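Participant: Quick one, structure for this:
(2 chains)
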Amino acid sequence: MPIKKYPTIIKLLMAIVMVFLLGMLYYRFVYMPQEIVLHIGLFAGSNWNVPAADSYAVVDKAISSFEKRHPGVKIVYVNGIRKNDYSEWLSEQVLKGSEPDVFMVLSSDFNLYARMGLLENIDGMSRRDSAFSYEAYYKAALDYGKYDKKQYALPFESVPTLMFVNKTLLQWAGIAIPANNWKWQDFIAICQKVTKDTDNDGVIDQFGCYDYTWQQAAISNDVKLFRDDGKLSYFSDNKMDDVIKFMMSLEKINQGHKVTAKEFDMGKVAFRPFTFAQYRTYKPYPWRIKKYSSFEWDCIKLPAGPDGKNISQLDTLLMAMSSRSEHKELAWAFLKELCYEKTTQMDILQQSEAMPVIKNVVESNEAKKMLLNGIPGDDKMNVTIISDVMKNAYMPPKFSKYNLAMLIADNEIKRIIEGNITLNNALNKVQKKVNDFLQN
Amino acid sequence: MKGKIQSLSIIQWLLYGFNAVVVMLLAAFISITQMKINQSMVARKFLDSVATVPWAIDKMLLYAFISFVLLIFFSILYRRMAGCGSNNKYIILLLEICACIMVMRSINMAYNGMVLIVVADLVSGYKGKNQRIILTVAMLGLYLIASYNLVDFQLKIVALEAYFAYYNQMAQGILKAVCNIFTSFNMIIFVLYIIVLVQDQHQEKERVKMLNEKLNEANRQLRFYAIEVESMAETRERNRLAREIHDTLGHALTGIVAGIDACLATIDAAPEFTKKQLKIIGDVGRHGITDVRRSVKKLRPDALEKFSLQGALQQMIEEFAGTTGMKIKLLCDKWPEKLRKDQEEVIYRLIQESITNANRHGQASNIVIIIEPTADWLKIIIKDDGKGCTKITEGFGLRHMQERLELLKGTFHYEGGNGFTIIASIPVNWGGVYNDKNHDS
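Facilitator: Alright, predicted model coming up:
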């Protein structure tokens, strides 16, 4: 009796499994709608804190060309999520288990999502894809999508920082435009030269620079401020000492006057670091006429410190795919469409405020033409310099407490630079304060 | 006894039911909290505190339900299989453990009480030495998985504390207390189960011991009865023989003696009459012989009366094998046909006695009997795989067999090393006409 019993139980089990499998097959191929829907997550507006005209233009164009090449695939996204709400919106989708297949990742979210396994590790897919190569990207942009040496996201667009030079002002003062390998000393020397009282009313009204920050100085002096895991800071580094001293001497030149944006717009300031996004936003009509009609300008690299190079920060917007996506191949294809396809990347140059991340696209003749002639006016944007800046750019850390830690440090360091606190031992205190914050 | 088993299965179902309730409550709690987190817009903050991507609500509820049903299904199946001693039960046990891990994973390792369901199954199915090792290893493994604090570096889990953190301090305290109560109550049910199980097994042992004693007593009595019956049969047979002798031989001899006495008186006076009388006396004697033969015939085995030697032997062997459980093989290429009745009887008795001895003294389980007719002899070999004996004390049985064979001028050998082997040979005259009657008289 018992010998006969087991086969029946096993048969029953097998029957259940068969029914289950058949049901799944039915669901997959018959019941399920024939059209595959790929969800993507985007936020409205620009990532670069500048007003954007049509923030979905580039993606919309990529979607329509992708849908044309993949019949039966529909790509949808939720319209109108602001950048400030995007992080919470995405987290809610994650909790619901309905996050998009491909989505933008904010810098402050990237490490968290990569660590918790929400983002698909794309190393395997990219290796299998013969039509794809990491080599095409600017290293700083590509590395921004790495976590623990694995690629979890691709760069969509990047924004380099450049030094804008008031050519008219320098010409009047009889100073040549600095070379791209200029140093802090050159920077200070020119600032000292141009800072003066031009209308002889006893008050200085022409200045060296506006908006040059200690962070930019630190990057160009090769200061590593945080450990990679974001648990420790290194503000008491000797190189940081040089940065503070340099910033203090810059501050001293202005004799206590605070340079304003208006003074720069009026052509009274020789230098101003600008992100590419700011440049793109202010350059076209009507801003250009309104703002910079009174002077001509050029852009060069930022000055190098005694221990560093002529480099600046490269901010990058990342795109990733969900590890729980049901259409990974399609998601990968669309991710490539956005972040690798030449036409989309070219569209970024045309429609967005940022730079493409593919070297060939930036250095192409079309890009050169677009930057030289696409926009009316006689100002020139030198593609070679932009590409050079992007190649050697500094990649900012992206651990989740980075922004807040920098805010704390900024508060303290500004007070040191302004002379409110004596430099003696002050950086040690900053380091301790930031470390306390990072470790709690 | 029945009541005990019933109470055990009641506790077992209580264990199932309680764990089902806890798992479903926890799944519901996690789902509700997850929904609340979304509604109050703190999803990003919540994700900051977790190590991995939390499962979507519907997926978690579905997994928790299916895996728990599977766990109960495999648990019941395992108990049935363990009850029948099937070897497939280990596969089922493995599946059960997998289902258990799946349940724990689906509710983020928030509760590990269902491990005790598996442990209860293991304990109830515990038999023998091997199982003790399996039991230990399985329990250790389950413990390691269950106390996820030990492995949460490898196992990415959203800790229950992350869900608790959503609520205010007081609610957190209550939730933690409820969790502890769940765990403790589950433990109490488990301990109760083990106690009842141990009691059960103890009583079972006692019962077996008692039954064993009864059986021994019955066996002793049976042996006693057997001896008594044997001696009674002997007495009855002796009486029958006495009656038989008295009725046949006594009757004939009395008649003969009386007749001869009369003849002695008349032999001189009337020789003719006496001759006639003597003839009558001779008839009486012959009559007596017939009677004796008939009596002797009654001593022959009943089977031999009904069947041929082959049939009788086979019947006897089958009956013996059937009653004792021994395996007896009878090998004979060609059955001897022209055997005398007394030869048949000797062969029959020889084999009967041999297998009885093999059973009684040798505790053999296999016996091979070979009957081999040669030109002038019939050879009979009986070999068993019993204890044998190196020093043979010739009992009544062996001596009796030897005597029987010697009567037929046969030979008889035996040896006790490596089982017990008897080799007997009987001289036969296959071609010669044999007068049974002549030989008998």
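
Participant: lowest-confidence helix or strand of chain A?
Facilitator: Sorting the helices and strands of chain A by mean pLDDT, DSSP states H and E puts helix A:287-292 at the bottom, at a mean of 49.

Participant: tell me what the following helix or strand past it is packed against?
Facilitator: Downstream of helix A:287-292, the first helix or strand assigned by DSSP states H and E is strand A:297-300. Identification of packing neighbours for strand A:297-300 by 3 or more C-beta pairs under 8 Å, 6 or more residues apart in numbering or on different chains; DSSP states H and E yields strand A:154-166, helix A:167-173. Any C-beta I mention is one placed from the backbone N, CA and C, and that applies to glycine too.

Participant: hey, least reliable of these by pLDDT?
Facilitator: Among the helices and strands packed on strand A:297-300, helix A:167-173 carries the lowest mean pLDDT, a mean of 86.

Participant: Need the phi and psi values for A:Ser233.
Facilitator: With angles defined as degrees, to the nearest 10, A:Ser233 sits at phi -120, psi 160.

Participant: How many neighbouring residues does the closest residue to it other than its chain neighbours have?
Facilitator: Among residues not flanking A:Ser233 along the chain, A:Val434 sits closest, at 4.4 Å (C-beta to C-beta, 6 or more residues apart in numbering or on different chains). By the criterion of other C-beta atoms under 10 Å in any protein chain shown, A:Val434 has 23 neighbours.

Participant: before we move on, what about A:Ser323?
Facilitator: A:Ser323: 16 neighbours (other C-beta under 10 Å).

Participant: And it, what's its pLDDT?
Facilitator: For A:Ser323, pLDDT reads 92.

Participant: cool, B:Pro301 as well?
Facilitator: 67.

Participant: Per the annotation, how does the chain divide into domains?
Facilitator: Picking chain A for this. Domains of chain A are assigned by automatic domain parsing as A:36-158+A:316-386, A:160-313+A:395-439.

Participant: I was after chain B.
Facilitator: B:2-166, B:216-299, B:306-440.

Participant: Of all those domains, which one comes closest to chain A?
Facilitator: Distance to chain A, taken as C-beta to the nearest C-beta, is lowest for domain B:2-166 among those, at 2.2 Å.

Participant: Let me know the average pLDDT across that closest one.
Facilitator: pLDDT averaged over domain B:2-166 gives 82.

Participant: Pull the distance from the host helix or strand of A:Ile16 to the chain's centre.
Facilitator: A:Ile16 is part of helix A:2-26, with elements assigned from DSSP H and E. How far helix A:2-26 lies from its chain's middle: 55 Å, per C-alpha atoms, centre = their mean, to the nearest Å.

Participant: Can you name the residues in contact with that helix?
Facilitator: For helix A:2-26, the surrounding residues in contact (C-beta atoms under 8 Å, 6 or more residues apart in numbering or on different chains) are B:77, B:80-81, B:84, B:86, B:88.

Participant: same question, stretch A:125-134
Facilitator: Against stretch A:125-134 from outside (C-beta under 8 Å, 6+ apart): A:142, A:151, A:328, A:332, A:336, A:340.

Participant: try stretch B:356-364
Facilitator: In contact with stretch B:356-364 (C-beta under 8 Å, 6+ apart) are residues B:320, B:324, B:326, B:367, B:382, B:384-389, B:397-398, B:419-420.

Participant: For the stretch 1-150 of chain A, which segments are assigned as helices?
Facilitator: With helices called from DSSP state H, counting those that start in this stretch, the stretch 1-150 of chain A shows them at A:2-26, A:57-69, A:83-96, A:107-115, A:123-128, A:139-143.

Participant: of all these, which lies closest to B:Thr290?
Facilitator: helix A:2-26 (62.1 Å; C-beta to C-beta).

Participant: tell me which parts of the stretch 51-200 of chain A are close to chain B?
Facilitator: Contacts of the stretch 51-200 of chain A with chain B, taken as C-beta under 8 Å from any C-beta of the partner chain, map to A:87-88, A:90-92, A:94-98, A:109, A:112, A:115-118.
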